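Undergrad: what's the 3D shape of this:
(2 chains)
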Amino acid sequence: GAVVSQHPSRVICKSGTSVKIECRSLDFQATTMFWYRQFPKKSLMLMATSNEGSKATYEQGVEKDKFLINHASLTLSTLTVTSAHPEDSSFYICSARGIIFSGLSSYNEQFFGPGTRLTVL
Amino acid sequence: RKEVEQDPGPFNVPEGATVAFNCTYSNSASQSFFWYRQDCRKEPKLLMSVYSSGNEDGRFTAQLNRASQYISLLIRDSKLSDSATYLCAVAGVVGNKLVFGAGTILRVKS
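TA: Take a look at the predicted model:
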């Protein structure tokens, strides 16, 4: 399957600092990228959807000024958690969707990055 | 009512057992359905898509019941390595966003 990378995999930071997380599609062009957050023993909650070159669409209850998303190219999206607080500690996962070509076939599928575990002290 | 609901479990089963999970969804306009597997502290990985006609992949069988708005996953001959959390996901038309259930925990014991 296609590969999506995330960096960093783990972040520990002090309250009030900003943290940037990168999400890259390594072997396909991602027309759409999604950012999720998952608290322990809870489901993945979609935070926002971003399309290359346009503003992200945020889900209800997600502060766009708190969670800045930039989808600068078809292979890179970044999520910046601004002025992080302990309640922002969570597992942040991106996913990328694009057309994958396999032989004579092509299919549209969504692939997840390995996630970033953020701990705010 | 949540958009996608699952029994959280845990389901504790012996090796070799057959186990089934159900997942209900509330939006009748949903178009696509998936089962994902998530291991502890890892990202979800696509297990299989769910088609109207049902589909099978080895020991795994997925089915869709549109009338009752649920999807199911059947695992035959459970292996220790099947222990994980199984997430169902549903996508609608708007933005084709995936909405996940909270997951069902499966523990296969020897």
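Undergrad: Chain A contacts on chain B?
TA: B:41-46, B:87, B:95-103 (C-beta under 8 Å from any C-beta of the partner chain). From N, CA and C alone the C-beta is placed, and that goes for glycine too.
Undergrad: Put the buried members of those into a ChimeraX selection.
TA: Buried residues within those, by 16 or more other C-beta atoms under 10 Å in any protein chain shown, are selected in ChimeraX with:
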select /B:43,44,87,97,98,99,100,101,102,103
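Undergrad: can you give me the strands for chain A?
TA: Here chain A has its strands, by DSSP state E, at A:4-7, A:10-13, A:19-25, A:30-38, A:44-51, A:57-58, A:67-73, A:76-81, A:90-102, A:105-112, A:116-120.
Undergrad: Tell me the pLDDT of the residue positioned nearest the centre of chain A.
TA: Nearest to the geometric centre of chain A sits A:Cys94, at 3.0 Å (C-alpha atoms, centre = their mean). We have a pLDDT of 96 for A:Cys94.
Undergrad: Go ahead and confirm it touches A:Ser25.
TA: No: taking contacts as C-beta atoms under 8 Å, A:Cys94 lies outside contact range of A:Ser25: 9.4 Å.
Undergrad: Span of stretch A:32-50 from start to end?
TA: Start-to-end span of stretch A:32-50 (C-alpha to C-alpha, to the nearest Å) is 6 Å.
Undergrad: What parts of chain A come near chain B?
TA: A:1, A:32, A:34, A:42-46, A:49, A:57, A:91, A:93, A:95, A:97, A:109-115, A:117.
Undergrad: Would you mind listing which of these are buried?
TA: Among the residues of chain A next to chain B, those buried by neighbour count (16+ other C-beta under 10 Å) are A:32, A:34, A:43-46, A:49, A:57, A:91, A:93, A:95, A:97, A:109-115, A:117.
Undergrad: what's the burial count for residue 9?
TA: Here I'm looking at chain A. 12 (other C-beta atoms under 10 Å in any protein chain shown).
Undergrad: I was thinking of chain B, sorry if that wasn't clear
TA: Counted with other C-beta under 10 Å, B:Gly9 comes out at 15.
Undergrad: check contacts around the closest residue to B:Gln69 other than its chain neighbours.
TA: Distances taken as C-beta to C-beta, 6 or more residues apart in numbering or on different chains place B:Tyr25 nearest to B:Gln69, at 5.3 Å, with adjacent residues excluded. Counting by C-beta atoms under 8 Å, 6 or more residues apart in numbering or on different chains, B:Tyr25 touches B:Glu3, B:Val4, B:Glu5, B:Phe33, B:Gln69, B:Tyr70, B:Ile71, B:Cys88, B:Val90, B:Val99.
Undergrad: Which pLDDT value belongs to B:Tyr25?
TA: At B:Tyr25, pLDDT is 95.
Undergrad: where does chain B have low pLDDT?
TA: Along chain B, segments meeting pLDDT under 70 span B:93-95.
Undergrad: which residues of it fall in helices?
TA: Applying DSSP state H to chain B gives no helices.
Undergrad: Just the strands from chain B, written as ranges.
TA: Going by DSSP E, chain B shows strands at B:4-6, B:11-14, B:19-25, B:32-38, B:44-50, B:55-57, B:60-65, B:70-75, B:84-91, B:98-100, B:104-109.
Undergrad: any idea how far stretch B:90-102 is from the chain center?
TA: Counting by C-alpha atoms, centre = their mean, to the nearest Å, stretch B:90-102 is centred 14 Å from the centre of its parent chain.
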